[in-house]
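>>> have a look at this fold, sequence not included:
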């Protein structure tokens, strides 16, 4: 009798110590969190379209680079928050094989163009008429960001406002 | 500035009183006399009330020299939301926590004032003061609500938009906290009983009394929280297995297990060590929940922003659990009862099944809640564990629990006799079968729904039969009102509430119809047999917000879903669903999007749609209102259970 009580107490103590140390050493999470996507590990659906600035852009031409695809809209609060961070990130990584592509989601061209100008975006954004690209990527709400590795496979999907640091960490991990 | 100093000094007074109370109480126990707990407790209460008063005055007068007020209040915040602003952010919510804990502590001391010299009461008071001192310490140093704001603020940011468009915010958090805080009492008594080694006296049942009170407050808090999210968040749901919701559910589950198993201890003297463990686990889980919501380690819709409290809270969690485990290891052997469960299908055997289910479910929820952290530690990526995981376990468990509720209250203690059991079950079993036949005849075909209704009818039958027995017995003694205090009255009323709540959940989620329609102004259409028309826009503007309402009619009901842009906080935009609720069904209409070059700022714009057209979400959920009604009955039942007498107490 006595021994079972002692042993179970010891086991409980070990578990609690481990659990407490584990939780106590966790860092607060960044604002964006990874969500599961059916696309994980699959080839990223190709897309092409008209840029807000007028040119034509196609995802296919970017194979070989790590691509960060960011679905945004001018009316979404977290997009406002992350817009400067995305630009900083795109600028820092411009020579390191990383491309950032914005996809305008459920928005008007005039509002999106105004947004891009106001925040001085340093990466191209394409228009997604009818939300076809968003549908293919299973995006339901902006901002949603996909990270695609050099082989063209989707590695990660992030929902929420991103920080430059978080993006850099994610991309460094993808680089391996 | 005066308010800041008043608040700070009050908190120091409270902190000092609580520490003084601990010392005085320990000295009193060593001298085998009663201490002056009531005075120390009242001192702490005066201190906390001073701090709360200072904070509320600052909020109501929009005194932005307090950083907390500048961040959570604005010149245009209405009175109600200025008052509730106290618990709309981390520091103030801890202030509310300390206030409730001090009130509970003083109530316990006052309730047992004639037994103050009893060592169990003495040690319990020490623990209550100690826990109070910890939470007050958080307010004194690392999370002080009274920080000076040197900058000149003209308007203030205002509370989070979601916290200022529904009055339920005045009731839901305080009730939830009252539940959390209330679990300190059973914990305090568990520690006291372990230290003194006295578990056979009346204390376990006294401990249950307070647990039931806290449990009732927590249950109501959870249901009102679900109601709030249903009315505010615009997704038509009421529960999302969010870490913060889980944080409230975890102690609720273990407390439910405890409330049941302690009855066995009262009647048969079994499960002594187990009950003490559950009381300790419940309190520890409230501390763990506080850690989840206030450390920022988990991603959640309504967690407070990251703070430095994480290590302190997890340290406190560690101390409470280790204290409990060490005491249990030290005393456990002596406390164990010599007898065991006689028959697995006797009443006490079924109570064991109940406990296994509730505690098992608590473990499942806990694993699901911390899994994202474990995954992140191993793989580096953040994931969320969603509804599918939790629901896949919650659904079968609920079915088994309903089945237990249908049978267990009718089973005898110690033995099982099939004939006796059937004679008690007969009426409810036939009624349940009749109900299923009626449902099938009226077109209900889903097996899960039929099973739920069958078991729910059985559970309601068992509860009603027990209640009838209580009333008949009371009537025979000529004291009909004594039925209210009978041992099983409160519990069976709670069972009825749970049955109603469960039927509300099953029916509304199984038969929800959801549709999105695009309508131009003046146009109408038919959605799931309901005539829906859109008459136009209506603008409302006041000092707090600018809101665009859609004039929609569904059938004969006029509904006004809206998009509201709040002043302050960079113009947060919130969609407000419009709900038409009656006992049969809820019609839930949301303003989902607007056509190109949207006349309404804030609404999502759809390019494909013609200008001036809107997209409406129309959701019809049958019997949803019964979820809230069931929740209220649960609250009522717990109040009755608080007043119960012991099963062998003489009727005076």
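The structure has been received and is ready for your questions. What you see is a predicted model, and the numbers here were worked out from it, not measured in a lab.
>>> all strands for the chain, in order.
With no chain named, the answer covers chain A. A:33-34, A:48-50, A:56-58, A:66-72, A:98-104, A:125-127, A:144-148, A:154-159 (DSSP state E).
>>> wrong one, chain B
B:513-519, B:524-527, B:530-541, B:545-554, B:557-559, B:562-566, B:573-576, B:578-581, B:585-595, B:605-606, B:614-622.
>>> can you tell me the closest non-neighbouring residue to residue B:18?
residue B:133 (4.0 Å; C-beta to C-beta, 6 or more residues apart in numbering or on different chains). Backbone N, C-alpha and C define where each C-beta goes, glycine included.
>>> who's in contact with the one you found?
By C-beta atoms under 8 Å, 6 or more residues apart in numbering or on different chains, the contact list for residue B:133 reads B:15, B:18-19, B:22.
>>> now do it against residue B:102, distance only.
Distance of residue B:133 to residue B:102, given as C-beta to C-beta, to the nearest Å: 11 Å.
>>> now list whatever residues contact both of the two.
With C-beta under 8 Å, 6+ apart applied, the contact sets of residue B:133 and residue B:102 do not overlap.
>>> of the contacts of residue B:133 - the most surrounded one?
The most crowded member of these is residue B:18, carrying 29 neighbours; neighbours defined as other C-beta atoms under 10 Å in any protein chain shown.
>>> wait, that residue sits on residue B:40?
Yes - under the contact definition of C-beta atoms under 8 Å, residue B:18 touches residue B:40, with a separation of 7.3 Å.
>>> shared neighbours of the two, anything?
Residues touching both residue B:18 and residue B:40 by C-beta under 8 Å, 6+ apart: residue B:129.
>>> let's test this: mean pLDDT of the longest helix belonging to chain B, rounded?
Secondary structure of chain B per DSSP state H: the longest helix is helix B:347-379. For helix B:347-379, mean pLDDT rounds to 87.
>>> list the helices and strands that helix packs on?
helix A:2-24, helix B:243-268, helix B:272-295, helix B:387-407 (3 or more C-beta pairs under 8 Å, 6 or more residues apart in numbering or on different chains; DSSP states H and E).
>>> change it to 6 Å
If contacts are counted by 3 or more C-beta pairs under 6 Å, 6 or more residues apart in numbering or on different chains; DSSP states H and E, helix B:347-379 sits against helix B:243-268, helix B:387-407.
>>> any chance of those in CSV, plus mean pLDDT?
Converted to CSV, the helices and strands packed on helix B:347-379 look like this (pLDDT from 0 to 100):
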stretch, mean pLDDT
helix B:243-268, 90
helix B:387-407, 88
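>>> could you identify which of those helices is most buried?
Most buried of the helices and strands packed on helix B:347-379, by mean neighbour count (mean count of other C-beta atoms under 10 Å in any protein chain shown): helix B:243-268, with a mean of 24.
>>> burial of residue A:84, as a residue count?
14.
>>> what's the closest non-adjacent residue to it?
residue A:119 (6.3 Å).
>>> check residue B:234 and give its pLDDT.
Model confidence at residue B:234, given as pLDDT, is 65.
>>> same deal with residue A:146?
pLDDT, residue A:146: 92.
>>> surely it is in contact with residue A:68?
No - Residue A:146 lies out of contact with residue A:68 (C-beta atoms under 6 Å); the separation is 7.4 Å.
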